[in-house]
Each structure stands twice: as C-alpha cells, then as structure tokens.
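In: give me a 3D structure for the following:
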Amino acid sequence: MTISPLAGQPAPASMLVNVPRLVSTYYADHPDVAVAAERVAFGTSGHRGSALTRTFNEAHILAITQAICNYRASHGVIGPLFLGIDTHALSEPAAISALEVLAANNVEAMIDRDHGYTPTPVISHAILRYNRGRTSGLADGIVVTPSHNPPEDGGFKYNPTHGGPAGTDVTSSIENTANALLADALRGVRRMPHARALRASTTHVYDYIAPYTDDLGTVIDMAAIRGAGVRIGIDPLGGAGVHYWDRITERYGIDATIVNNRVDPTFRFMSVDWDGKIRMDCSSPYAMAQLVGMRDRFDVAFANDADHDRHGIVTPTAGLMNPNHYLAVMISYLFTHRDAWSPAAAVGKTVVSSSIIDRVSKSLGRRVLEVPVGFKWFVDGLLDGSLGFGGEESAGASFLRIDGSTWTTDKDGMIAGLLAAEITAVLGMDPGARYAGLTRDLGSPIYERIDAPATVEQKRRFKQLAPEQIDARALAGEPIRSIMTTAPGNGESIGGLKVVTDEGWFAVRPSGTEDVYKLYAESFRDSAHLEQIQAEAQAIVGRLFA
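Out: Presented below is the predicted three-dimensional model:
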C-alpha cells in the first residue's frame, strides 16, 4: 500500500470537512433506492455512509428507526431503548431524526441527561444492567456512530436485548423493512417534531456516566492501579468518552492524565492516517503519532476510537502495540488473575486474529472458540460465561467481571485500556514487556494485512468457496494442515478462505465497501517466509478467479 506523505502529520486545514455543508446535505439530499450503494445496508457494525454520497441521510435514519420500531413491536420488546451518540458531525442530526420516530411510536427512549456523548460499551452496559433479573419488558439500544471512520461519515447500530451487536437475522429484517420504507417514499414512517419528541412522556433523560463509572471496580482491579501509582496517559481522540475519564479518575483516585480533551467534529487535532485521511483509528501508528510521542511520559498510555469500543495501547517498551499482541497479553493475564472465572471459560477469537492467541490459550489449558469476523459471534458466550474473553484483530475486546459474571456483550475499549494499567501495576512490567516474554516461550509471529484488487463478481465468488476448490497441498514449503471456509468454533461461513500450516497461515475476505479483497497473513518464522505466504496466497486466489 502507498503511504501518504501526510501520514503521521497534523491534519492541514485544507482537508477538514465542511461541517455546515455536511449537515445541510444530510437534510437536503435524498437517496435513490434504485442505486444499490444508496440503499440501507447493515454490515458487521450497522449502517454506515456519508451524507455527501447519499449513503447516510435523514431518509435513511427515519427508515431504519421505523424499521427498528416495527421489529420491537413484532418481537414484544417493550422496555426502554437506550440511545447514545458519538462525536461525529452527523451523529447529533441522526439522533434527532431517530428520536422523532421513537417518540411517535411510543418507544421509551433514554437520552443522555446533559445531551452529551455515550460510548458504545456504555449502551451495552446500560441494557444489561436494566435487563438483569428481568424476563419481560426488556431494554435494547441504538448507538449513532461510524466508529473510527473519517469525520464526514455517519453510522447507526442496533443492539437488541442481549446488549451486543445485532445478529444477521435481526439486521436483515431491519434492512429489508427500511429499504421498503424508502421505496415507498417513507409513507410508513411515524414521526413528530423534535420539540414535541423531547417533551413526550416516553422521552427520559438518563445519567449514563455514573452507573458505568461506579461499576468499573467490578471488572478492573482499580485498587491495584491506585496502589501501585501507575502513571497513565489517556487520549479519547475527541470521542464519546471524553467526559468520562475525569469522573473515572476522580472516583478511583488513579494517576491519570487526559492528554487531549478537545471535541471538534472536524477532528482537526488528529494526525493524518496512512492513506492521507483523518481517521480515529487507535490501532494505526500514523493516527496515534501524538500519543506515541508521549510514550516515555507515562508507565502506560492508551487511546480509544470515536465510540470507545476499540483500544490502542502505548508502552515505553513497545510504543504502539500491535492489536494482536495486546490481545495475547490480555488473555495471558486475565486467565491467570481471575480466580472466580469458570475453569471451562474459553477464549474467543476471530479467524483473522493472530495464532499467538492459540498458543497462549493452549499454554493456559483453555479452549479457543474461533469464529467469523464480527463481535456478534461472542455475545452468547459472554452472556452465559462460557467465554471469559472475546477479541478481534481490529483492537476490539470485552471480558467478564472479576467474579465471572457478564460485563458487556459489545466491545469495550475503555476496560481494555484500564486493564493495561492493571497489568502494569500487578506484574510490575508494561504490556509490551509482557508480550516480549510470551514470544520467548511461544514464538514471535509477523502479521500483516494487505488489500488487493477484486471486481464485484470476484468478491461474490469468495462467499461461494469450498475447501475442495483449493488445489495447493503446501504453503511456503510447509504441508497445509487445514483449509476452511467456515469457522471451526461455530460452523458459520467466514465469507472467504483460510489456509493453515504449522508455522503460518493466510486468510482472504472481500471488502464490503471497496473493490478489493483483504489478505491477512502470518508467519512464525521471518519476513521472507511471510512474503512467500502472501505471494502463494495471491497465486491461489488468482487461480480461483480464473
């Protein structure tokens, strides 16, 4: 991939989004349902798009919210709906549109009491907290966020009563209903003016910060962090948790410095990402350049993306940790420092996460549940405690409370960051140093993801692959041990292909938004071995396309 000359540099004024134009376009432009790209489409993290491309406009949000109301009514969901937003420019307009529909449908909507921002994990926590002990009148939630995407983007996610990302059966139903409403010029949408919606008896203000903050001590050993005097640096990257960290620091008396408390919908304070775009990607060394530059000021530092469901860990010994490396450290630590967890609790990972996770889990005697990409596959296990931990290669994870009960069923970048401080306090070394110790015993993998061109038809073929179509018997000089198109943990399609040997593997999946496929590869030998895996993987894909 080509690295932009702006990568890692402060964002120039010339590339900042024109917020008035963006918001005006949200209301003024209307999608054409005859154009596939302008229809409602739920990916692994809800519907995403931009008003500037007619993929995230008011019509989309009105239709999706009505579809959610219809889904709730048909499934007997009558409890409150917790509504949260992040700091993207389109999030507040979308929340206003959503509330107008929720109120008109007599849905009990819980909005932040200060009209502030609410992280994704806080919505999951609120849903589970309300539903605990209930069998009826259950709550659900909506989070308005495009995650770490650029400032011009918007996103809209639905979390059902289990508190985690909606499954494909739910999102397909909502997507189909929403597109039918769009095609019918929104005639089936019930809506009332925003001023009336705010005054409606079904609209309630709610303190999101206090319950989440007060509960943190049940999932993180805050006393250990305080007692060890760990110096922590925190960068919210202008995201939804910006007003949470001062409250958390004060509540637990920890030594934390918020290095950036600015909120600006242009995200002008960000360093430019690898491709010359502003992106709040806390796993990118370019987007994280400023916090990485402070690595020696703190014992450990971390950042979260705009909705705070992802984490980026910075340590004096390693700088910005590769997400896979930190997942391995989390697993190694949690399963040896959570005595109340069930001995049968497993480790959840996605098929494109590093095999160092498998080696760490094997050394701990823990079963690995390997699933397709998407945090929704971890929800049931985190609910019933059969999973102690679920993590994705894209720096998203959650885990059980200290007593083994459920914390969240969605990704929580806030507890992931605080766990780095707990690890530093308890082990007397930062997570980067701990990872170095793991690799001395288990091997040191080299992992890389690259994108390669693919047509729409070629991307479609990935989803129809069968293992017997692969003609190779060896990969980079090693016998192939397994070829999979479904995940071994649950038998669900991975939407592509994974090929595994003893010392390496590759996986390929089509992009949902670009004309490329993603090639993930890993070697436990060296860079030359990784390059050979990548080259042979592309040759295999080329033969499949031919």
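In: show me where the stretch 251-400 of the chain has strands.
Out: 255-258, 300-304, 311-315, 319-320, 346-350, 368-371, 387-392, 396-399 (DSSP state E, counting those that start in this stretch).
In: with distance to G141 and mean pLDDT as added columns, please give the ones you listed in a markdown table.
Out: From N, CA and C alone the C-beta is placed, and that goes for glycine too. Output for the strands of the stretch 251-400 of the chain, formatted as a markdown table (distance: least, Cβ to Cβ, whole Å; pLDDT from 0 to 100):
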| stretch | distance to G141 | mean pLDDT |
| --- | --- | --- |
| strand 255-258 | 26 | 98 |
| strand 300-304 | 19 | 98 |
| strand 311-315 | 21 | 98 |
| strand 319-320 | 31 | 98 |
| strand 346-350 | 22 | 98 |
| strand 368-371 | 23 | 98 |
| strand 387-392 | 19 | 98 |
| strand 396-399 | 15 | 98 |
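In: between the ones you listed, which one is nearest to G238?
Out: In this view, the strands of the stretch 251-400 of the chain are compared for proximity to G238 by Cβ to Cβ, and strand 300-304 is the closest at 10.2 Å.
In: got the CA coordinates for the closest one in PDB?
Out: Included here for strand 300-304 are C-alpha records, laid out as PDB according to Å, rounded to 0.1, in the frame of the first residue of the first chain:
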ATOM      1  CA  VAL A 300       1.300   3.100  30.100                       C
ATOM      2  CA  ALA A 301      -1.000   5.100  27.800                       C
ATOM      3  CA  PHE A 302      -4.000   4.300  25.700                       C
ATOM      4  CA  ALA A 303      -6.500   5.800  23.300                       C
ATOM      5  CA  ASN A 304     -10.000   4.900  22.100                       C
END
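In: sheet partners, orientation included, of that strand?
Out: When pairing is defined by DSSP bridges, strand 300-304 lines up against strand 231-235 (parallel), strand 311-315 (antiparallel).
In: so how far is the first one from its chain's centroid?
Out: What that stands for is strand 231-235. A distance of 21 Å separates the centroid of the chain from that of strand 231-235, by Cα atoms, centre = their mean, to the nearest Å.
In: now swap in stretch 108-125 and tell me
Out: Between the mean C-alpha location of stretch 108-125 and the chain-wide mean there is a distance of 17 Å, by Cα atoms, centre = their mean.
In: now that stretch: average pLDDT?
Out: Here the mean pLDDT over stretch 108-125 is 97, rounded to a whole number.
In: quick one: terminal-to-terminal distance for it?
Out: Distance across stretch 108-125, first residue to last, is 18 Å (Cα to Cα, to the nearest Å).
In: now the longest helix seen in the chain: buried residues?
Out: For the chain, the helix reaching the highest residue count under DSSP state H is reported as helix 527-545. Residues of helix 527-545 classed as buried: 529-530, 532-534, 536-538, 540-541, 544 (neighbour count, 16 or more other Cβ atoms under 10 Å).
In: check stretch 188-204 too.
Out: Of the residues in stretch 188-204, those with enough neighbours to count as buried (16+ other Cβ under 10 Å) are 189-192, 197-198, 200, 202-203.
In: just the endpoints, please. Distance across that stretch?
Out: One end of stretch 188-204 to the other measures 25 Å (Cα to Cα).
In: who touches it?
Out: Defining contact as Cβ atoms under 8 Å, 6 or more residues apart in numbering, one finds that stretch 188-204 is touched by 62-63, 66, 69, 80, 96, 99-111, 180-181.
In: now do stretch 415-426
Out: Outside stretch 415-426, the residues that touch it by Cβ under 8 Å, 6+ apart are 121, 216, 219-222, 224-225, 227-228, 230, 232, 234, 254, 299-300, 302-304, 311, 313, 315, 326, 329-330, 333-334, 337, 395, 397-399, 407, 429-431, 434.
In: where does pLDDT dip in the protein?
Out: Using pLDDT under 70 as the threshold, the predicted model of the chain has low-confidence ranges 1, 513.
In: returning to what we had before: the longest helix of the chain - contacts with which helices or strands?
Out: Identification of packing neighbours for helix 527-545 by 3 or more Cβ pairs under 8 Å, 6 or more residues apart in numbering; DSSP states H and E yields strand 446-453, helix 456-462, strand 474-475, strand 504-510, strand 516-523.
In: helix or strand: which one has E92?
Out: helix 91-104 (DSSP states H and E).
In: how far does stretch 197-214 sit from its chain's centre?
Out: That offset, for stretch 197-214, works out to 24 Å (Cα atoms, centre = their mean).
In: repeat that for stretch 209-225.
Out: Centroid displacement of stretch 209-225 relative to its chain, using Cα atoms, centre = their mean, is 21 Å.
In: distance between the ends of that stretch?
Out: With Cα to Cα applied, stretch 209-225 spans 21 Å between its terminal residues.
In: what comes into contact with that stretch?
Out: Applying Cβ under 8 Å, 6+ apart, the set of residues contacting stretch 209-225 is 121-122, 125-126, 129, 232, 243-244, 247-248, 251-252, 254, 399-403, 407, 415, 418-419, 421-422, 425-426.
In: can you give me the helices for the stretch 51-200 of the chain?
Out: When assigned using DSSP state H, counting those that start in this stretch, the helices of the stretch 51-200 of the chain occupy the ranges 58-74, 91-104, 120-131, 168-183, 194-199.
In: can you tell me which of the ones you listed is most buried?
Out: Scoring the helices of the stretch 51-200 of the chain by mean neighbour count under mean count of other Cβ atoms under 10 Å gives helix 120-131 as the most buried, with a mean of 26.
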